[in-house]
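> sharing a model that was predicted from the sequence below.
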Amino acid sequence: MPLSVVGIFVLLVAVGVQYFVIFRSRATVAVAAVVLGAAAWIATRSSLRAVERMMRFRLGLLRGKSGRFHIERME
């Protein structure tokens with residue numbers, strides 16, 4: 001229950017900031033869209049790198065490698 005109250009409060013603050021600060025001018029909306037888009041791009045890249053590292057680690061475990069990363073060798 002307390003988590004729900006905190007979540008509702010955070011959402012209300014976010015809506016208030018949008019209404020009273022961001023949506024007052026088109027330039028602010030454009031800047032906010034670019035900033036949030038860049039943040040989403042950075043978060044996606046870092047999460048994809050983490051997934052890649054975990055996949056390489058698990059492949060290494062499956063192949064019986066003792067190293068941290070799976071290394072493919074071209075023969």
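Now that the structure is in, tell me what you want to look at.

> quick one: the residue sitting nearest the centre point of the chain from Gly16, how far?
The centroid of the chain falls nearest to Ala43 when counting by C-alpha atoms, centre = their mean (3.3 Å). Distance of Ala43 to Gly16, computed by C-beta to C-beta, to the nearest Å: 24 Å. Any C-beta I mention is one placed from the backbone N, CA and C, and that applies to glycine too.

> so where do the strands sit in the chain?
Under the criterion DSSP state E, the chain contains no strands.

> who does the longest helix seen in the chain touch, helix- and strand-wise?
In terms of residue count, the longest helix belonging to the chain (DSSP state H) is helix 26-62. The criterion is 3 or more C-beta pairs under 8 Å, 6 or more residues apart in numbering; DSSP states H and E, and there are no helices or strands that helix 26-62 contacts.

> centre of the chain to that helix, how far?
Between the centre of helix 26-62 and the centre of its chain there are 5 Å (C-alpha atoms, centre = their mean, to the nearest Å).
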